[in-house]
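1. next come a sequence and a model predicted from it.
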Amino acid sequence: MVEDNWEHFHDKVRGRWSKLTSDRLRTIAGNRAQLVSKIQEVYGISEQLAERQVQEFELRNYDYRPWTSSCSKWRSV
């Protein structure tokens with residue numbers, strides 16, 4: 001479960017989206033849809049752009065991708 005490895009993912013995500021505070025990332029707690037939503041909110045961008053950024057993050061950091069395409073909850077890999 002992602003909760004077991006959240007700190008690992010938390011740090012990598014925080015490195016990419018530095019405006020996401022630790023508190024916000026704790027709230028996200030492994031939910032991909034919430035990550036997209038928070039990126040959209042904090043950075044003032046469209047949902048489509050936030051989604052694209054997360055997809056690009058996934059591609060660049062394949063070994064850190066904690067979620068699956070069929071699931072909105074992150075999982076450890």
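-> Yes, it's here.
2. in the protein, which helix or strand is least confident?
-> helix 2-16 (a mean of 73; mean pLDDT, DSSP states H and E).
3. and the residue positioned nearest the centre of the chain, which helix or strand is it part of?
-> Centroid check for the chain by C-alpha atoms, centre = their mean gives Leu35 as the closest residue, at 4.6 Å. Assigned by DSSP states H and E, Leu35 belongs to helix 32-43.
4. could you do Ile45 as well?
-> Using DSSP H and E, Ile45 falls within no helix or strand.
5. can you tell me which residues contact the residue lying closest to it once chain neighbours are set aside?
-> Leaving out its chain neighbours, the residue that sits closest to Ile45 by C-beta to C-beta, 6 or more residues apart in numbering is Ile39, at 7.1 Å. Backbone N, C-alpha and C define where each C-beta goes, glycine included. Contacts for Ile39 (C-beta atoms under 8 Å, 6 or more residues apart in numbering) come out as Trp17, Leu20, Ile45, Ala50, Gln53, Val54.
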